[in-house]
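Participant: Quick one: sequence plus predicted model below, questions after.
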Amino acid sequence: MEATTSSFDPVKYNAAVMEQLQARDFLPSVPFIQLCGKCNLKCAMCPADFWETNSGLMPFDLFQHVLNELSRAGIGTLGFASAQGEPFLHPDVFPFLEEAIGRGFKVIVSTNGTVLNESRIQQLACLRLLQIQFSFFGYDKESYETTYRGARFEHVVKNLVLLKESLAKSDNKTELLVNGVSPTGDAASVRRTYEFLNKLGISENEILAVLPCNFGGR
Ligand code: SF4
């Protein structure tokens, strides 16, 4: 549900959300699946320093059980995304994605883009994914690497450009969404991120760069 800051009324908003939840019997609309509990970064906006563990891989039989439950509940869309972990660190991420798509789910996958390479990007572009969310914020090496601590600006930018080009060549209609949050909370860094991404060929409607906010962005 969209809410604008100028007309935002939290009481009405909460009532509308509650109505939607009741209408679907409190089932999630897009459940997130944490395929991998491990991440290779320590981003400025992430509580990675407080994680008790930085490990864990979902086994395939548990994944199939989850898909069975989602099917039974009539849920048709799922996200390979979570507040902890990079899905592409799971060694079997592609068989998992293929299984979900093969069973008719619309699939969103989120990545920090660091563990992609040319071959994985070509594979991704060939899958019939609903959306790829590419986490990125910054407009140069310093602004990016102080946000995505442990990542390398040049490598990630190269992957992003390659992903954009590969998706443009494919006829799978997979959406790209480059999303990120300003760690410093200043509007200028958001504007500069948009400008930088535009120069890479990413259009306005493929970017969601925001100031710090709660998880839902409201
Ligand atoms: S990539 Fe995501 S999970 Fe990993 S440290 Fe950054 S914000 Fe946290």
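Facilitator: Sure, I can see it.
Participant: bridging residues for the residue nearest in space to the middle of the chain?
Facilitator: The chain has S110 as the residue nearest its centroid, 2.9 Å off, counting by C-alpha atoms, centre = their mean. Under DSSP bridges, the beta-bridge partners of S110 are Q133.
Participant: for the ligand, what are the nearby residues on this structure?
Facilitator: 39, 41-43, 46, 48, 84-86, 112, 135 (C-beta under 6 Å from any ligand atom). Just so you know, the C-beta spots here come from the backbone N, C-alpha and C atoms, and that holds for glycine as well.
Participant: Could you dump these into CSV and include neighbour count?
Facilitator: Compiled in CSV, these are given as follows (neighbours: other C-beta atoms under 10 Å):
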residue, neighbour count
C39, 21
L41, 16
K42, 15
C43, 20
C46, 19
A48, 15
Q84, 16
G85, 24
E86, 22
N112, 25
S135, 24
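Participant: Would you mind giving those residues as CSV with secondary structure and pLDDT added?
Facilitator: As requested, the residues of the chain next to the ligand are arranged in CSV below (DSSP: H, G, I helix; E, B strand; the rest coil; pLDDT from 0 to 100):
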residue, secondary structure, pLDDT
C39, coil, 97
L41, coil, 97
K42, coil, 95
C43, coil, 94
C46, coil, 90
A48, helix, 90
Q84, coil, 94
G85, coil, 96
E86, coil, 98
N112, coil, 98
S135, strand, 97
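Participant: R191 and S182, how far apart?
Facilitator: Between R191 and S182 the distance, using C-beta to C-beta, to the nearest Å, works out to 10 Å.
Participant: ok, those two, which is more surrounded?
Facilitator: Neighbours per residue, other C-beta atoms under 10 Å: of R191 and S182, the larger number sits with S182, 23 against 13.
Participant: separation between the residue nearest to that one when sequence neighbours are not counted and F153?
Facilitator: Closest residue to S182 apart from its sequence neighbours, by C-beta to C-beta, 6 or more residues apart in numbering: S189 at 4.6 Å. Going from S189 to F153 by C-beta to C-beta gives 15 Å.
Participant: Looking at the residues of the chain next to the ligand, spot the one nearest T147.
Facilitator: For these, the closest approach to T147 (C-beta to C-beta) belongs to C43, at 6.3 Å.
Participant: what's near enough to touch that closest one?
Facilitator: Neighbour list for C43: 112, 147-149 [criterion: C-beta atoms under 8 Å, 6 or more residues apart in numbering].
Participant: how does it look with 7 Å?
Facilitator: Listed by C-beta atoms under 7 Å, 6 or more residues apart in numbering, the contact set of C43 reads 147-149.
Participant: Before I go, just wanted to say thanks for your time.
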